[in-house]
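1. my questions concern the predicted model and sequence given below.
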Amino acid sequence: MITPISIDMISLNIASIAPMTIAVLGALFILCIDLVRKHNDKHFYVVLTALFLLIDFVSIVSYSGANRGFFDVILIDGISLLSQAIIVISSALFIFLSLTKQRFHEYRYPEYFALFLFMTAGFQFMASSDNLILIFVGLETASLSLYTMIAMHNRDKASEAAIKYFTMGALAAAFYAFGAMLLYYVTGSIELSTISNHFAITNFDNYPLILLGVVFMIGALGFKLSLVPFHTWAPDVYEGSSASMAGYIAIVPKIAILVVAIRFFSIFIQADDTWVRSTLYMMAIITMTLPNLIALVQTDIKRMLAFSSISHAGFVLVAIMLGTTQAIESLFLYWIMFAFVIVGAFAMLWVHRTKEEPSFYGFTSDYQFDKFTGLVKTAPVAAFMLGILMLALAGVPPFSLFWGKMYLLSATINSGEIFLAVVMVLNSAIAAFYYLKLIVYMFLKTRDDNIAIEYRAMNNLILKVIIGIAVAFSILSIFWLDTILAIVKMAVQTSGY
């Protein structure tokens, strides 16, 4: 007679997967509605998606259960809750950008909004587990949804961007699977906490195989974070995606991957593994510097922002390499500041596209620098807002990202890495040049051909509110800095970092 398996529902802690479950159920609900009633307006699906994201967020901030759940594959600590909150808030801000008056192919399909919720759930699973298999499942769920959503955009380069992203993502997935397999072979576990304990007991026995597994994991995480030399896909994918989706790619996937990187690399940083620390050190310097230099010669704003986002990923990699409590706190503070500015910057590009094709004015893209020449005369409010956001990205005081950079620099100096701090300052100075370049085009240059380019007005109240929030946060962040820092500190310190 087979003994039935008994599962204690209390120890299962179903509440630990409630946020992700809400997002998944929301996606299925949207698909079911489409089966019953066709041709609903996109506003209906946007509001429905936002409603499920709101419920998702409430379930995150109200969670008070154990930090383990669902057969111990879910890990709900302070970092998990904080990163999930960033993912959901950022997702909600970007989904409202689809309310633009512009008509795009992807918004006609409810599947787009269902995929958006599936993607959000995938990133939440990644941020809420130290189980290598569940992280992989969340990664692929989110990635496959993202590839499809990029391909649905009805522009010439969208399919090319989706194929490149899919190809590089498949390679990264293979790297991840092979690295996880090697670590499982050495330790007999796929739980990062158990792997860490095994290394502590055995003092890194079988180090060559461990090192090989780490190399593959660096490749996998490097692809997803667009770290040099795994960054080559990013500019083309940003350029081929819609402006709103490019902004999403710059923020949300990376915060989920950063949490995975923190959990994984902390095993080796805390053990003072020289090879891993040195590798991350060099990758951080190169990732900060090389994309900055390439961004200087870009003629397309979206490609410039793509290279700048790669450089910003290099800055936060410094925090992972340092591994101190202050460094991890600075990572989240930096990314929160960065997220609001990027939402605003890409939203400005999104709602101010010209009505005509770029070739109508002799341009090669919608976001060529020359196209923004003299914007202050044709759209002064837009020029002012975009200028503020560029100053914030440049880290000019007192705008938001300045405080994130200062706190990260403080963590770097306190760790004794003076040379690294100098490199960060120099790269911030280089970055300021190409951010200010756009301001020069908008305010100081005039068009020789006297063609007045008509920009789409921000005639949707919700879009105005989102951009207004981003600009206001960039200017007034100093007043909320202590509150944000207190939340980040509580999250990081209760997670044991």
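-> Received the coordinates, thanks. Residues are numbered from 1 along each chain as shown.

2. isn't residue 336 right up against residue 89?
-> No - using CB atoms under 8 Å, residue 336 is not in contact with residue 89, being 9.4 Å away. To be clear about C-beta, it is placed using only N, CA and C from the backbone, and glycine gets the same treatment.

3. comparing the two, which residue is more hemmed in?
-> residue 336 (25 against 18; other CB atoms under 10 Å).

4. which residues touch that one?
-> Applying CB atoms under 8 Å, 6 or more residues apart in numbering, we find residue 336 in contact with 86, 404, 484, 488.

5. the first one against residue 334, yeah?
-> To tie it back to what came earlier, the one meant is residue 86. No - taking contacts as CB under 8 Å, residue 86 lies outside contact range of residue 334: 11.7 Å.

6. any low-confidence regions in the stretch 51-200 of the chain?
-> 100-106, 154-155 (pLDDT under 70).

7. mind listing the helices in it by residue range?
-> Taking DSSP state H, counting those that start in this stretch to define them, one finds helices in the stretch 51-200 of the chain at 78-95, 110-127, 132-151, 158-187, 192-202.

8. wait, which of the ones you listed is closest to residue 325?
-> Between residue 325 and those, the tightest spacing by CB to CB is seen for helix 78-95, at 11.7 Å.

9. just checking, what packs against the closest one?
-> If you count contacts as 3 or more CB pairs under 8 Å, 6 or more residues apart in numbering; DSSP states H and E, helix 78-95 packs onto helix 42-61, helix 110-127, helix 243-270, helix 325-351, helix 481-493.

10. quick one: closest of these to residue 174.
-> helix 243-270 (16.3 Å).

11. quick check, central residue of this protein?
-> Taking CA atoms, centre = their mean, the centroid of the chain lies closest to residue 251, which sits 2.3 Å from it.

12. quick one: it from residue 239, how far?
-> Per CB to CB, to the nearest Å, residue 251 is found 17 Å from residue 239.

13. in contact with the residue lying closest to residue 176 once chain neighbours are set aside, which residues?
-> Distances taken as CB to CB, 6 or more residues apart in numbering place residue 220 nearest to residue 176, at 3.7 Å, with adjacent residues excluded. Contacts here follow CB under 8 Å, 6+ apart; on that basis residue 220 touches 172-173, 175-176, 179.

14. mind redoing it with 6 Å?
-> 172, 175-176 (CB atoms under 6 Å, 6 or more residues apart in numbering).

15. three-state assignment of it?
-> Three-state call for residue 220 (DSSP: H, G, I helix; E, B strand; the rest coil): helix.

16. nearest residue to residue 432 other than its sequence neighbours?
-> Spatial nearest neighbour of residue 432, excluding adjacent residues (CB to CB, 6+ apart): residue 394 at 4.2 Å.

17. just confirm the one you found contacts residue 434, I think it does.
-> No - using CB atoms under 6 Å, residue 394 makes no contact with residue 434, being 8.7 Å away.

18. any idea how many residues pack against residue 381?
-> 12.

19. sticking with it, tell me its helix or strand.
-> helix 380-393 (DSSP states H and E).

20. tell me the buried residues in the following helix or strand past that helix?
-> Downstream of helix 380-393, the next assigned helix or strand under DSSP H and E is helix 400-414. With burial defined by 16 or more other CB atoms under 10 Å, the residues of helix 400-414 counted as buried are 400-405, 407-409, 411-412.

21. quick one: which of those is nearest residue 75?
-> For the buried residues of helix 400-414, the nearest to residue 75 is residue 411 (24.2 Å; CB to CB).

22. the closest one and residue 327 touch, don't they?
-> Yes - contact criterion CB under 6 Å: residue 411 and residue 327 qualify, at 4.3 Å.

23. measure the nearest residue to residue 221 once chain neighbours are set aside to residue 158 for me?
-> Among residues not flanking residue 221 along the chain, residue 261 sits closest, at 5.1 Å (CB to CB, 6+ apart). For residue 261, the distance to residue 158 equals 29 Å [CB to CB].

24. which pLDDT does the model give the residue nearest to the centre of the chain?
-> What the model reports as pLDDT for residue 251 is 89.

25. quick one: contacts for it?
-> Per CB under 6 Å, 6+ apart, neighbours of residue 251: 90, 339, 342.

26. quick check: it vs residue 36, distance?
-> 34 Å.

27. kindly report the same for residue 77.
-> Distance from residue 77 to residue 36, by CB to CB: 40 Å.

28. what do you get for residue 493?
-> Distance from residue 493 to residue 36, by CB to CB: 48 Å.

29. ok so, going back, a markdown table for the helices and strands packed on helix 78-95, including distance to residue 201?
-> What follows is the helices and strands packed on helix 78-95, written out as a markdown table (distance: least, CB to CB, whole Å):
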| stretch | distance to residue 201 |
| --- | --- |
| helix 42-61 | 35 |
| helix 110-127 | 28 |
| helix 243-270 | 13 |
| helix 325-351 | 25 |
| helix 481-493 | 26 |
